[in-house]
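Peer 1: Following is a predicted model, sequence given first.
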Amino acid sequence: MPKTIVEPFRIKAVEPIRFTTREQRDQYLLDAHYNPFYLRAEHVIIDLLTDSGTSAMSQEQWAGIMRGDESYAGSSSFYRLKDVVDDLTGFRHFIPVHQGRAAERILFSMIAGNGKHIVSNTLFDTTRANVEFQGSEGVDLATPESHQLGANLPFKGNIDVKRLRSFIAEVGAVNIGAVIMTVTNNSGGGQPVSMANLRATRAVCDEFELLLILDACRFAENSFFIQEQEEGYRDKTLRAIAQEMFRLCDGATFSGKKDGLSNMGGFLCLNGDDLAQQARNLLVVTEGFPTYGGMAGRDLDAMAIGLQEVLDQDYMEYRIATVRYLCRGLDQVGVPAVHPAGGHAAFVDAGSFFPHVSRDKLPGQTVVNALYSVGGVRGVEIGSVMFGEHAEFDLVRLALPRRVYTQSHVDYVIEVFEELVGEKERWSGFRMTYAPKQLRHFTAHFEPLT
């Protein structure tokens, strides 16, 4: 097989990259309080901070932008998106929102609260923040294999069904607001969830009358792993697999900024009539009318098209191949990463990469600052800074925007890491000098240790 990854598209418009010197980048880090979230985008050479809202849109999506119906109520753009979502998910109720965390806020304001537990394979940052904001406890019950970062095992994103049963017995089903299945498991290294695990979780939820909600941000990538690795799915289309996943659940939250291939948008879907009506009432108060939900009509159309394009087999094979190429390159230059490669990002094991930086000195934050200083590459810490006491490991996520970078850009990232390997001893760690109570990684301040 050829080694070159051939992107299944041609480039029709380009955005310039502005190159910087190391001296400039070190000053930019100082100005940004050593938190890459504060960096100006124009000062970043390769931006792997997130795959959320950073996709390049297709010619069909740009055509849809021009077709967008900006009517306040009853927009035809809403109905075009609704038709796509209804066919894909099969849920009774579709509620558009401006992005995924809006869906989370509405959902948890209804099903969470003091004394409640929200159980998941692993909750991501905004999900946990919305759970805790309602006074609930977020409980991660990831499979034991997820703790073996370097182990090349399938479906390390699964929930531990035995632990789920034990936890229900411990706290009582009445005290559990919902089970949230995150696909793919972002906090756990972008690892997929198997259909068998989802079915087993469905059976437990049925037994104890619990809601099962799919955090579906990367549903298409998860569908690819099921198609590739799970028995009985090789000959099924990505669409058919995705439909089966959604139909095993009682509802879904979705950020269209990931597998919607859109720059903005999302939705909340539910089967329960009463819960959906309550959600729409909350939507009107905080987001907008139920046929736009805080989105422009053009964004509704762009997401409707993206939800169809993301299930293209050629696109998804290219997408996963690119992430695997990056992980192989990291291996070759001596950078420890989570294996197998996930669907949207490579995850560097910062604690192992910088073993001389103890956990209290924030090895993940140290790696992201070093990475930017050396080569202008922006990643994000997934560990002690982001999750505090809930962090299992200190990782650095290198999230690949969809349809944005070519193989040569990925080669550059690998070369930057190779250079960083040779100078990692000069980085001694960081300490946090300011942090808000919730989602602190976005706006925290740091200073280097000497």
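Peer 2: Thanks, I have the structure now. Numbering: from 1, shown residues only.
Peer 1: which residues sit in contact with residue 420?
Peer 2: Contact analysis of residue 420 by CB atoms under 8 Å, 6 or more residues apart in numbering lists 370, 371, 374, 375. C-beta coordinates here come from the backbone N, C-alpha and C atoms, glycine included.
Peer 1: What separation is there between residue 142 and residue 281?
Peer 2: Plainly put, residue 142 is 34 Å away from residue 281 if you go by CB to CB, to the nearest Å.
Peer 1: nope, residue 450 is what I was after
Peer 2: Using CB to CB, residue 450 is found at 55 Å from residue 281.
Peer 1: More neighbours: which of residue 142 and residue 281?
Peer 2: Per other CB atoms under 10 Å, whichever of residue 142 and residue 281 has more neighbours is residue 142, with 22 against 12.
Peer 1: quick one: that one and residue 148 touch, right?
Peer 2: No. In this structure, residue 142 is not within contact of residue 148 by CB atoms under 8 Å, at 11.2 Å.
Peer 1: tell me the secondary structure for residue 154?
Peer 2: Three-state assignment for residue 154 (DSSP: H, G, I helix; E, B strand; the rest coil): coil.
Peer 1: make that residue 193, sorry
Peer 2: Classified using three-state DSSP, residue 193 is coil.
Peer 1: wait, doesn't it sit right on residue 222?
Peer 2: Yes. Counting by CB under 8 Å, residue 193 touches residue 222, with 6.1 Å between them.
Peer 1: And the strands in the protein?
Peer 2: Listed in chain order, the strands of the chain (DSSP state E) span 46-47, 93-97, 117-120, 137-140, 176-182, 212-215, 251-255, 266-270, 345-349, 377-378, 380-382, 395-399, 430-434, 445-448.
Peer 1: TSV for those, including mean pLDDT, mean neighbour count and distance to residue 105?
Peer 2: Converted to TSV, the strands of the chain look like this (pLDDT from 0 to 100; neighbours: other CB atoms under 10 Å; distance: least, CB to CB, whole Å):
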stretch	mean pLDDT	mean neighbour count	distance to residue 105
strand 46-47	98	20	27
strand 93-97	98	25	9
strand 117-120	97	24	13
strand 137-140	96	20	14
strand 176-182	98	26	14
strand 212-215	98	25	14
strand 251-255	98	28	10
strand 266-270	98	28	10
strand 345-349	97	28	25
strand 377-378	98	23	27
strand 380-382	95	27	22
strand 395-399	97	28	23
strand 430-434	96	16	25
strand 445-448	97	16	26
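Peer 1: okay, those in TSV with distance to residue 4 next?
Peer 2: TSV is the format used below for these (distance: least, CB to CB, whole Å):
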stretch	distance to residue 4
strand 46-47	19
strand 93-97	40
strand 117-120	39
strand 137-140	39
strand 176-182	33
strand 212-215	34
strand 251-255	32
strand 266-270	35
strand 345-349	19
strand 377-378	22
strand 380-382	28
strand 395-399	21
strand 430-434	38
strand 445-448	39
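Peer 1: do you know which of the ones you listed lies nearest residue 155?
Peer 2: For these, the distance to residue 155 is smallest for strand 176-182, at 12.2 Å, taking CB to CB.
Peer 1: Only the buried residues of the longest helix along the chain, if you could.
Peer 2: When the chain is parsed with DSSP state H, its longest helix is helix 313-332. Within helix 313-332, the residues that qualify as buried are 315-316, 318-320, 322-327, 329-330, counting by 16 or more other CB atoms under 10 Å.
Peer 1: and if you look at stretch 56-73?
Peer 2: Buried residues in stretch 56-73, counted by 16+ other CB under 10 Å: 56, 57, 58, 61, 64, 65, 68, 69.
Peer 1: neighbouring contacts of it?
Peer 2: Stretch 56-73 has contacts (CB under 8 Å, 6+ apart) with 9, 12, 75-78, 261-263, 289, 291-292, 296-302, 304-306, 309, 401-404.
Peer 1: pLDDT averaged over that stretch - what is it?
Peer 2: The pLDDT scores in stretch 56-73 average 97.
Peer 1: Next: stretch 228-240.
Peer 2: For stretch 228-240, mean pLDDT rounds to 98.
Peer 1: same thing with stretch 410-426?
Peer 2: Throughout stretch 410-426, pLDDT has a mean value of 97.
Peer 1: how far is stretch 358-368 from where the chain is centred?
Peer 2: Here the centre of stretch 358-368 is set off from its chain's centre by 22 Å, with CA atoms, centre = their mean, to the nearest Å.
Peer 1: what comes up buried for stretch 349-368?
Peer 2: By 16+ other CB under 10 Å, the buried positions in stretch 349-368 come out as 349-351, 353-354, 357, 361-368.
Peer 1: Need the residues that contact it.
Peer 2: Stretch 349-368 has contacts (CB under 8 Å, 6+ apart) with 34, 36, 149-150, 335-338, 348, 378-385, 393-396, 424-425, 427-432, 446, 449.
Peer 1: go with 7 Å
Peer 2: Residues from elsewhere that reach stretch 349-368 (CB atoms under 7 Å, 6 or more residues apart in numbering): 36, 149, 335-338, 348, 379-385, 393-396, 424-425, 427-430, 446, 449.
Peer 1: Just the endpoints, please. Distance across it?
Peer 2: Start and end residues of stretch 349-368 are separated by 12 Å (CA to CA, to the nearest Å).
Peer 1: which one of the buried residues of stretch 56-73 is nearest residue 226?
Peer 2: So of the buried residues of stretch 56-73, ranked by how close each gets to residue 226 (CB to CB), first place is residue 58, at 24.7 Å.
Peer 1: How much space separates the closest one from residue 35?
Peer 2: Look at residue 58 and residue 35: by CB to CB, they are 33 Å apart.
Peer 1: still on that earlier bit, the longest helix of the chain packs against which elements?
Peer 2: helix 219-229, strand 345-349, helix 407-421 (3 or more CB pairs under 7 Å, 6 or more residues apart in numbering; DSSP states H and E).
Peer 1: Which one of those lies nearest to residue 210?
Peer 2: Per CB to CB, nearest to residue 210 of these: helix 219-229, 20.8 Å.
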